[in-house]
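Okay, here's the prediction I keep looking at, along with the sequence it came from:
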Amino acid sequence: MLTLDQLISEATALPDAAKALLIDKIVESMSGQIDREVSIEAVQKAQERMAEIDSGAVQTIPGDIALAQIRQLSKK
């Protein structure tokens, strides 16, 4: 049996498609352990944020601008 460090090392060396499949399988195996209240709260918060965007109460930042800002922050 692999140690956790060995497993992580092998998993991170996988091609991206295999990593995505592995992630799906791990999340699927944990589905019974996920706190339902946290999931519901997260969905509600996402719906609230979408309503704020749809109403114009807040504005989104285009992805290319947000990425440029993040890059600038990481240089500091």
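Alright, I've got the coordinates.

Retrieve the pLDDT associated with the residue positioned nearest the centre of the chain.
By CA atoms, centre = their mean, the mean C-alpha position of the chain lies nearest to I23, the distance being 11.3 Å. Confidence at I23, expressed as pLDDT, is 88.

what's the helix or strand for it?
I23 belongs to helix 16-30 when assigned by DSSP states H and E.

Spell out the residue ranges of the helices in the protein.
Using DSSP state H, the helices of the chain run over 4-12, 16-30, 36-55, 63-75.

hang on, the earlier thing: need the contact partners of the helix holding I23.
A11, T12, L14 (CB atoms under 8 Å, 6 or more residues apart in numbering). For glycine as for every other residue, the C-beta is placed from the backbone atoms N, C-alpha and C.

and the last one, how many residues sit next to it?
Translated: L14. For L14, the count of nearby residues is 12 (other CB atoms under 10 Å).

Offset the numbering so it begins at 35, please.
That works, and once the first residue is 35, the last one we named lands at L48.

Against A47, how distant is the closest residue to it other than its chain neighbours?
If the residues on either side of it in the chain are set aside, L48 comes closest to L56, at 6.8 Å by CB to CB, 6 or more residues apart in numbering. Using CB to CB, to the nearest Å, L56 is found at 11 Å from A47.

So, low pLDDT: which residues of this structure?
Along the chain, segments meeting pLDDT under 70 span 65-69.

Could you chop it up by domain?
35-68, 69-103 (automatic domain parsing).

Just send the ones you listed back as JSON lines, with distance to K110 too.
JSON lines is the format used below for these (distance: least, CB to CB, whole Å):
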{"stretch": "domain 35-68", "distance to K110": "28"}
{"stretch": "domain 69-103", "distance to K110": "11"}
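
Could you pull up phi and psi at V92?
The phi/psi pair for V92 (degrees, to the nearest 10) reads phi -130, psi 160.

Would you check that it makes contact with E82?
No. Using CB atoms under 8 Å, V92 makes no contact with E82, being 10.6 Å away.

Count the neighbours of E62 for me.
Residues within reach of E62, counting by other CB under 10 Å, total 9.
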